[in-house]
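Visitor: output the structure for:
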Amino acid sequence: MARPREFDEATVLDAAIQCFWAKGYEATSVRDLADGMGIAAASLYNTFGDKRALYRRSLEQYIMGDLQECADRIEALPPHEAIAALFEEVIAGTLADKDRKGCMMVNSVFELVPQDKEFARLICEVLTQVEAMFARLVRAGQKNDTITKSQPANDLARLLLSVMLGIRVLARARPERVLLEGIARPVLALLNCNAT
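Guide: Have a look, this model is predicted:
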């Protein structure tokens, strides 16, 4: 008879996220994971499969939890205010991270996407969802005349996505509030109806 699991799967998955987020996929060993998760390596394999399968589960959990929570909170605000709030959250969260881990998803783009088609598809899907969220907000703002109609909504959404990702990347090297806010401020001003 198989022994019942002696750990909470959600808790140890959260611990795996922290391990991978801190060191990246390649630099995190199975021993690091087992130690960080507080379980035996055999339990790790039996529950999650190999290291790659655990990384995929961890990345999906990190992305989907963060993305859904953010979308629910942000899209409840008026469009222009929602976009500004999202940029403020990204900047504040980045500056609060004293270990400068960055965004686990963005880190995965650099580490895994160039050589791994499965992870490339996963990241592409997520970036498409974020772009779609920006597009919905821009269209809503254009409809209620709080966001400029001088550019197509899809183009503005792609610009917002690019700036947000740029802030995430730059902040790992230069986590300076003045710099990061100085990147966000012009793009937010560009959205204003009276922008030319």
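Visitor: Cys124 is in what secondary structure piece?
Guide: helix 117-143 (DSSP states H and E).
Visitor: what mean pLDDT does the host helix or strand of Thr94 get?
Guide: According to DSSP H and E, Thr94 maps onto helix 79-96. For helix 79-96, mean pLDDT is 93.
Visitor: ok, back up a step: remind me what the helix holding Cys124 packs against, helices and strands.
Guide: If you count contacts as 3 or more CB pairs under 8 Å, 6 or more residues apart in numbering; DSSP states H and E, helix 117-143 packs onto helix 51-74, helix 79-96, helix 104-111, helix 153-173. Heads up, the C-betas are built off the backbone N, CA and C, glycines and all.
Visitor: give me the buried positions along it.
Guide: Residues of helix 117-143 classed as buried under the neighbour-count rule (16 or more other CB atoms under 10 Å) are 119, 122-123, 126, 130-131, 133-142.
Visitor: just the angle for it relative to helix 51-74, thanks.
Guide: Counting by axes from the mean of the first three to the mean of the last three CA atoms, to 10 degrees, helix 117-143 lies at 10 degrees to helix 51-74.
Visitor: now the helix holding Thr94: buried residues?
Guide: Buried residues in helix 79-96 (16+ other CB under 10 Å): 79-80, 82-84, 86-87, 90-91, 94.
Visitor: would you mark the buried spots in stretch 162-174?
Guide: Judged by neighbour count using 16+ other CB under 10 Å, the buried positions of stretch 162-174 are 163-165, 167-168, 171.
Visitor: specify which member of those is nearest to Gly36.
Guide: Minimum distance to Gly36 across the buried residues of stretch 162-174 is 23.7 Å, recorded for Arg168 (CB to CB).
Visitor: need the pLDDT of the closest one.
Guide: On the pLDDT scale, Arg168 gets 91.
Visitor: quick one: contacts for it?
Guide: 90, 94, 102-103, 106 (CB atoms under 8 Å, 6 or more residues apart in numbering).
Visitor: pLDDT weak spots in this structure?
Guide: 1-6, 194-196 (pLDDT under 70).
Visitor: domain assignment for the chain?
Guide: Annotated domains of the chain cover 1-62, 75-196 [automatic domain parsing].
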